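> Below is the sequence, then the predicted model.
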Amino acid sequence: FKHEEYADDKGYVKGSYQTLLPDGRVQTVTYTADDYTGYVADVQYSGEAKYDYKPAYKPSYPEPSYKAPAYPAPAYKAPAYPAPAYKAPAYKAPAYPAPAYKAPAYPAPTYKVPSYPAPSYKAPSYPAPKY
């Protein structure tokens, strides 16, 4: 659709191209390429995508002149299975003996919690940013 490019003898290339997309938008790609950074592209889209596609042609073949076949219902009946004849097993909860050990009892800690003095510097205050 549109293409521009600049290249020098040291391997530096700069250019851009535009493509009209099927949804009606224009895609613009601006790129640079060299031996150090490789290919770097910036892709931008302009316009609004529209998806109301309607073909501009009608098929050249005629509609079929026959009716779609109507198939009869199947002649067999679905099998009816009886309920299972066995009983579901009844499991008893296992009876485990109580543990033979006592849970450990730990004494309270004997150290003091350290208390630190307040810092002697003032926190910096910065002015609000101006936009």
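Thanks, I have it.

> Thr19: which element?
Using DSSP states H and E, Thr19 sits within strand 13-20.

> Could I get the average pLDDT for that strand?
The average pLDDT for strand 13-20 rounds to 93.

> Just the buried residues of the helix or strand following it, please?
Beyond strand 13-20 on the C-terminal side, the first helix or strand identified by DSSP H and E is strand 26-34. Buried residues in strand 26-34, counted by 16 or more other C-beta atoms under 10 Å: 28, 32-33. Just so you know, the C-beta spots here come from the backbone N, C-alpha and C atoms, and that holds for glycine as well.

> Stretch 8-16 too?
Ser16.

> Secondary structure element holding the most centrally placed residue in the chain?
The centroid of the chain falls nearest to Val43 when counting by C-alpha atoms, centre = their mean (21.3 Å). Element membership for Val43 (DSSP H and E) is strand 38-46.

> Between strand 26-34 and that strand, find me the angle.
Strand 38-46 runs at 160 degrees relative to strand 26-34, counting by axes from the mean of the first three to the mean of the last three C-alpha atoms, to 10 degrees.
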